[in-house]
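Q: Could you work out the structure for the sequence below:
(one chain, ligands or ions: 1)
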Amino acid sequence: MFGHLRAFAGDPIFRLGEAFHADPRDLKVNLTVGLYYDEQGRLPLLDVARRAEKAWADKALPRAYLPIEGLSDYREQVQKLVFGPNSKALAENRVATIQTLGGTGALKVGGDFLHAAYPESEMWISDPAWDNHHAIFRGADITTHTYRYYDSATRGLDFEGMVQDLKQLPEYSIVLLHPCCHNPTGVDLEDAQWLDIIAVLRERNLIAFVDMAYQGFARGLDEDAFAIRAMDEAGLTFLVANSFSKNFSYYSERCGGLSVVCQSAEEASRVLGQLKAVARRIYSNPPSHGGQAIATVLADPDLFAEWKNEVEAMRTRIADMRQKVYDRLQKAAPEYDSSYFIKQRGMFCYTGLTMQQLETLRQKYGVYIIDSGRISMPGLNDDNVDYFVQSLVAVLSDPELQ
Ligand code: LMR
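A: As a prediction, this is how the structure comes out:
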């Protein structure tokens, strides 16, 4: 019955992670999936998470269904973390928030919701984008396009191109934005540039869908939410997807949130109803384990302070690694402009390496980077950074690979 189906080519990100694990060599470096590894190359289980999980397990509560919209304590903490203490929208009860299956789940619920509310609207996504963005929204029957974002000549932002493209969009177009740690490029907007973008969104009546998967990994938990808080301050109607996969190291717990900022409390309550209708059709209601732990940690001032320190430690380690790669490349290949390692922010660095160079890194050196040339920086540590830089320099200086 299914003989006519084509084989799945594999996910462009996870496929390379699997190839890394299958590689029998001892000397190999995994810079594929966006996972935070500590200095010892281990995926951490945060101490605050372990304690909150234990306290909950000790209560041994029965496992009834959660409400479709998820745990109310969790949703409240998501709102505080995303919108901050001075949010006008929160003070006026204008935000509809639903617990989702990770950030990806939030994008899917938001996509289905938007397609029902604005069936004619199409979506614009940065060029380049996270490999899954187009697929998720096309899966929600939304036509997707790209806006200019990355300038390969400077390995930085094409801000003028971005503004020009957004200014051309029809009213009620949906614009996907990354408030920090742009995936895959690590190229972020400055705060002043966000204010210009917000003016365009408002002037053109565009619907912003903000995807915040890395809150805390660029500058800090509050600083990274600058764009969201400025949109709130400007009185926009917009959507935010957030995730605890990275900043709580809770990848498999699938803990995210979707928040829709509305113009009135009454509108927000109708929107929440529609979000629930969407979630019910897809997965009915979310699981409780991870959400309980997150709600416990974020609501307790001492645990929250500890978590904030943990996030800062992760952020600092990534920034140190960027600096170490830059310093070593400066010495080993002074003619190569490696400043993008320290200019780009957060988890990812966008190298611009060619397919041939990437293949050689994999086959000859066991250094795994996904096909877009995006490096997941936390795969580097003091034990492998020299090897990585040597391998990179060898590939960059090989005339056959130019
Ligand atoms: C990534 O971009 O590597 C992560 O967000 C993991 C994923 O789901 O693709």
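Q: Just to be sure, residue 76 is in a strand?
A: No. Read with DSSP: H, G, I helix; E, B strand; the rest coil, residue 76 is helix and lies in no strand.
Q: Check the contact between residue 322 and residue 347; I expect there is one.
A: No. Taking contacts as Cβ atoms under 8 Å, residue 322 lies outside contact range of residue 347: 10.6 Å. For every residue, glycine as well, the C-beta is placed using N, CA and C.
Q: Which one of the two is surrounded by more residues?
A: Each of residue 322 and residue 347 has its neighbours counted (other Cβ atoms under 10 Å); residue 347 has more, 27 against 23.
Q: separation between the more buried one and the ligand?
A: 8 Å (Cβ to the nearest ligand atom, to the nearest Å).
Q: Would you enumerate the residues in contact with residue 338?
A: 325-326, 329-330 (Cβ atoms under 8 Å, 6 or more residues apart in numbering).
Q: Revised request: answer the last question for residue 254.
A: Neighbour list for residue 254: 101-102, 105, 245, 286-287, 290 [criterion: Cβ under 8 Å, 6+ apart].
Q: which among the residues you listed gets closest to the ligand?
A: Sorting those by distance to the ligand puts residue 245 at the head of the list, at 7.2 Å, by Cβ to the nearest ligand atom.
Q: Helix, strand, or coil at residue 360?
A: Residue 360 - assigned by three-state DSSP - is helix.
Q: and it, how many neighbours?
A: For residue 360, the neighbour count with other Cβ under 10 Å is 19.
Q: Tell me the confidence at it?
A: Note for residue 360: predicted pLDDT of 98.
Q: next one: residue 9
A: Residue 9 is assigned a pLDDT of 89 by the prediction.
Q: what does residue 401 give?
A: Per-residue confidence (pLDDT) for residue 401: 89.
Q: Now do the contacts for it.
A: 354, 356-357, 360, 395.
Q: quick one on the thing from earlier: quick one: buried ones out of the contacts of residue 338?
A: The neighbour count (16 or more other Cβ atoms under 10 Å) marks 325-326, 329 as buried among the contacts of residue 338.
Q: nearest to the ligand, of those residues?
A: residue 325 (18.8 Å).
Q: just checking, the closest one is part of a helix?
A: Yes. Assessed by three-state DSSP, residue 325 belongs to a helix.
Q: That one: what's it in contact with?
A: Neighbour list for residue 325: 338, 341, 380, 385, 388-389 [criterion: Cβ under 8 Å, 6+ apart].
Q: Can you lay out those as TSV showing distance to residue 274 and secondary structure?
A: Formatted as TSV, the contacts of residue 325 follow (distance: Cβ to Cβ, whole Å; DSSP: H, G, I helix; E, B strand; the rest coil):
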residue	distance to residue 274	secondary structure
338	48	coil
341	44	helix
380	44	coil
385	48	helix
388	47	helix
389	51	helix
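Q: Near the ligand, which residues of the protein? Just list them.
A: Contact residues, the chain versus the ligand (Cβ under 6 Å from any ligand atom): 13, 33-34, 130, 132, 183, 213.
Q: Nearest to the ligand among those residues?
A: Closest approach between the residues of the chain next to the ligand and the ligand, by Cβ to the nearest ligand atom: residue 34, at 3.2 Å.
Q: Count the neighbours of that closest one for me.
A: Neighbour count of residue 34, defined by other Cβ under 10 Å: 25.
Q: gap between it and residue 19?
A: 16 Å (Cβ to Cβ, to the nearest Å).
Q: so which strand or helix has residue 268?
A: Element membership for residue 268 (DSSP states H and E) is helix 265-282.
Q: Which residues does that helix contact?
A: Outside helix 265-282, the residues within contact range by Cβ under 8 Å, 6+ apart are 68-69, 92-98, 100, 108-109, 112-113, 116-117, 258, 260, 262, 285-286.
Q: Buried residues in it, which are they?
A: 268, 271-272, 274-276, 278-279.
Q: Give the next helix or strand downstream of it.
A: Using DSSP H and E, the first helix or strand after helix 265-282 is helix 289-299.
Q: other SSEs contacting that following helix?
A: helix 47-59, helix 72-83, strand 255-261, helix 301-332 (3 or more Cβ pairs under 8 Å, 6 or more residues apart in numbering; DSSP states H and E).
Q: Now stretch 329-343: buried residues?
A: So for stretch 329-343, counting by 16+ other Cβ under 10 Å, buried means 329, 332, 338, 340-341, 343.
Q: Ok, stretch 292-309 next?
A: Buried, per 16+ other Cβ under 10 Å, within stretch 292-309: 292-298, 303-304, 307-308.
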